[in-house]
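1. Just need the structure, nothing else, for what follows:
(chains A, B, C and D)
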There are 2 protein chains.
Amino acid sequence: MESLAALPILSALAQESRLAIFRLLVKAGPDGKAAGDIARKLKTAASTMSAQLLVLANAGLVHARRDGRSIIYAVDFGKMSALLLFLTEDCCGGRAEICAPLASVANKCCPPAKGVRHEAPASSRRR
Amino acid sequence: MESLAALPILSALAQESRLAIFRLLVKAGPDGKAAGDIARKLKTAASTMSAQLLVLANAGLVHARRDGRSIIYAVDFGKMSALLLFLTEDCCGGRAEICAPLASVANKCCPPAKGVRHEAPASSRRR
DNA sequence: CTTATATTTCCATATTCTATGAAATATGGA
DNA sequence: TCCATATTTCATAGAATATGGAAATATAAG
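-> A predicted model of the protein is given here:
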């Protein structure tokens, strides 16, 4: 990811209501959540929610699919992962000060197999 | 770090000129760089640079120290690390989709020592 | 003390962002 | 078809941000 590509993603997350939406969608997981449900949960007008979701979608952080009358939004974890990689590697140059704490979290979640495998088993645990 | 604490950091980075400043300062390392040097390098007015640096400093991403007539700004890697931890753990719930790619980068940078468990060192555990 | 340099503070301006009601569009059901 | 529901699009008002010139402040040097 390039610096310019990271900007809309950072901007999308750099706002209270949108960060809240994003976190809600992370919790919802791959099944996602309908726009109206999110709006009710966060107590915002439908049109406002629509605009916020559009920003998140344009950044690529979430994607939408229609289901009947509802439109379901779900997080694109790949995009989020790419942002974290960009911030860690390209932006911070993989400095030890940054990486060391991350390594502990990442390894706790995905213990490296011998010979270092980087792919996550599809069924890895989640909270 | 809490969601609210992450916001000013994300906002600070979510802007083209400030992200450029930040990356320049990452490259400069712990020694930092004088405000004027940054302004010249990025071709912006001194007053504009001052305002941008203030945003970064208020977010805690950089800190300033005076050296003679110059004011030297340097990145606070701890803060950046905290942001990445927040995004990975608290925000994304340490999902495998997010962690797996990070683990590979982090381990490349800070290889887990041989014969050592992959538990996080107590000093960096949270929650 | 005076002058030059480095940076910040203050201020004005232009731009962008956020939020919302109202109207438009899409879908499903009676 | 007609109506209700779900969401988006549009218009717009108000807030926040970005930028840079001018003046103020701090430091250094002669």
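2. ok now do the nearest residue to residue A:94 once chain neighbours are set aside, which residues does it touch?
-> Once flanking residues are discounted, residue A:94 sits nearest to residue B:109: 4.5 Å by CB to CB, 6 or more residues apart in numbering or on different chains. (Each C-beta comes from the backbone N, C-alpha and C, glycine too.) With contact set as CB atoms under 8 Å, 6 or more residues apart in numbering or on different chains, residue B:109 has these partners: A:94, A:95, A:96, A:99, A:100, A:103.
3. and the gap between residue B:109 and DNA strand D?
-> 30 Å (CB to the nearest atom of the strand, to the nearest Å).
4. separation between that residue and residue B:82?
-> Counting by CB to CB, to the nearest Å, the separation of residue B:109 from residue B:82 is 17 Å.
5. How about residue A:39?
-> Taking CB to CB, one finds residue A:39 at 31 Å from residue B:82.
6. What of residue A:85?
-> Residue A:85 is 18 Å from residue B:82, by CB to CB.
7. C-alpha coordinates for stretch A:29-41, PDB please?
-> Taking Å, rounded to 0.1, in the frame of the first residue of the first chain, the C-alpha atoms of stretch A:29-41 are listed here in PDB:
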ATOM      1  CA  GLY A  29     -17.900 -10.100  12.000                       C
ATOM      2  CA  PRO A  30     -18.100 -11.300   8.400                       C
ATOM      3  CA  ASP A  31     -21.900 -11.500   8.500                       C
ATOM      4  CA  GLY A  32     -22.000  -7.800   8.800                       C
ATOM      5  CA  LYS A  33     -24.900  -5.600   9.900                       C
ATOM      6  CA  ALA A  34     -27.700  -3.700   8.200                       C
ATOM      7  CA  ALA A  35     -27.400   0.000   7.700                       C
ATOM      8  CA  GLY A  36     -30.600   0.700   9.600                       C
ATOM      9  CA  ASP A  37     -29.500  -1.500  12.600                       C
ATOM     10  CA  ILE A  38     -26.200   0.400  12.800                       C
ATOM     11  CA  ALA A  39     -28.100   3.700  12.700                       C
ATOM     12  CA  ARG A  40     -30.400   2.700  15.500                       C
ATOM     13  CA  LYS A  41     -27.600   1.300  17.600                       C
END
